[in-house]
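Peer 1: below is the sequence, then the predicted model.
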Amino acid sequence: LCDCNPYGIGVLQTYQVGNSTRLGRCDGGKRYGVPIQWVGLRPSLVCRMRRELPRVVFQKLTDMDKKRIDRLLCHGSILSPFLSNGRYAYRRKEEVLMMKKMGFKVELEALNWLGMDYMCAWLEEVIQGYDHTDFGNHSKEEDVMDVI
């Protein structure tokens with residue numbers, strides 16, 4: 001579960017593929033990545049909720065945010081492994097590109113505007129809709145996205 005900002009996505013990338021600045025350069029660095037799910041506030045979800053949330057929660061991307069998005073998209077001269085490997089790589093890339101195009105970010109705390117219990121109820125619904133017996137298969141594909 002992460003914020004809808006470039007640094008939140010960067011944390012997911014680190015969990016999936018390891019820290020490219022340190023572990024990625026060492027022998028076996030990828031073995032430090034873990035299988036996780038991207039459950040949370042993604043740009044596509046934020047777009048669907050735009051009318052429900054007040055304008056104050058939509059923060060303009062800073063120059064640093066834009067640079068971070070560019071680093072997420074390109075790992076040297078090649079596409080980041082986070083956005084090019086795995087079952088939902090194309091969707092992860094679409095989400096990052098959508099964030100860049102929208103030009104704003106939103107923190108998880110913004111969901112509190114919809115009620116103090118909204119985030120817990122929403123997360124419970126997403127998790128209950130997920131089929132844990134078949135890793136990567138779930139009924140609420142718009143809300144849960146495999147990272148690995």
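Peer 2: Received, thanks. Numbering: from 1, shown residues only.
Peer 1: after the lengthiest helix in the chain, which helix or strand is next?
Peer 2: For the chain, the longest helix by residue count, based on DSSP state H, is helix 89-102. Using DSSP states H and E, the helix or strand that follows helix 89-102 in sequence is strand 104-105.
Peer 1: partners of that next one, with directions?
Peer 2: Under the criterion DSSP bridges, strand 104-105 sits next to strand 59-60 (antiparallel) in its sheet.
Peer 1: list the buried ones in the following helix or strand past the partner strand?
Peer 2: Counting by DSSP H and E, the next helix or strand C-terminal to strand 59-60 is helix 63-73. For helix 63-73, burial by neighbour count (16 or more other Cβ atoms under 10 Å) applies to 65, 68-69, 72. (Each C-beta comes from the backbone N, C-alpha and C, glycine too.)
Peer 1: how about these, which pair is most distant?
Peer 2: 65 and 72 (10.5 Å; Cβ to Cβ).
Peer 1: good, we can wrap up now.
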